[in-house]
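> Requesting a structural model of the entry that follows:
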Amino acid sequence: MPFPYVIKVNHGSDRNIFVYGPDDLVGAKEKCDLWLQGRTAWRLAEEWYNHIEPEIFIEPFIGENGEAPVDYKLFCFEDDIPCIQIDTARFSDHRRCFYDEHWNKLPFGHYYPMEDKELPRPPHLDAILAAARTLAQGFEFVRIDFYDKPSGPVFGEMTFSPTSGFGAFRPPSTDAWLGTFWRDHPKGRFCTSGEG
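This next block holds a predicted model:
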C-alpha cells in the first residue's frame, strides 16, 4: 500500500500505527500480534469490545502533510444532534470546541484546550447531518464521526462511550444539558435492547 497509511484494530481504542515510511514498520508486526492476543475492554469498562473478533485494519491516511484532517464528531440522540465536537491539529496542537447544527459556537469545552478561533462551516455539513441521523436511528446515544474532504463526507467511526466516559465537560452543567436529549425508547428500526 502506498505511504502514508494507518494500521489499527477493531476491538479497542488508542491502538494505531501511523506509517509514513518504511521505518515506521519496524516492530509493527510484533505490536499487532500483541494487540490481537489482548483485550482492552477491562481497562476502560468497555464490555462490548469483548464480543468483537479482533482484527487488524489498514486504511489510507486521509490527512495532508502528516496532519490529521479536522474531525467532526456528532453527538446523536437519534434525530436530535445537540452538538458537534470539532477536533483540530490532533498531532501538533490538539484543540477542541463545539458547534450546534446551525453552526453556532457553543459555550463549553471538553478534555482538550478550547479552540478559540471561529471555524468555517464544513462545505458538506448538510450531508454529514443527514448521514448521522440515518446511522443514529434506534440508538439512545451514539457519537458519529466524519471528515469533510473536497469530494464529500468521509465516515470515521461510531462510538457509544466517547473518551470512555472519563472526559469531563467544562462547565460540568453541560452533562445535565446533554442528558435532556436521552431517549429510553428510541423509535428507529435498530434496537440496542435486543427487542424488536
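> Contact partners for Leu106?
Contacts for Leu106 were tallied using CB atoms under 8 Å, 6 or more residues apart in numbering; they are Cys83, Cys97, Phe98, Tyr99, Asp100. Quick note: C-beta positions are derived from backbone N, CA and C, even for glycine.
> now these: which count as buried?
Burial by neighbour count, 16 or more other CB atoms under 10 Å: within those this picks out Cys83, Cys97, Phe98, Tyr99.
> tell me the two of those that are most distant?
The distance between the two most remote of the buried ones among the contacts of Leu106 (CB to CB) is 10.0 Å, for Cys83 and Cys97.
> follow-up on the earlier one: okay, the buried ones among the contacts of Leu106 in TSV with secondary structure next?
As requested, the buried ones among the contacts of Leu106 are exported to TSV (DSSP: H, G, I helix; E, B strand; the rest coil):
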residue	secondary structure
Cys83	strand
Cys97	strand
Phe98	strand
Tyr99	strand
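> Can you tell me which of those is closest to Tyr147?
The shortest approach to Tyr147 among the buried ones among the contacts of Leu106 belongs to Tyr99, at 15.7 Å (CB to CB).
> which residues of the protein score low on pLDDT?
Residue ranges of the chain with pLDDT under 70: 40-42, 188-196.
> in the sheet, who's paired with the residue nearest to the spatial centre of it?
When the chain is reduced to its mean C-alpha position, the closest residue under CA atoms, centre = their mean turns out to be Asp145, at 4.4 Å. Legend: beta-bridge partners of Asp145 under DSSP bridges are Lys73.
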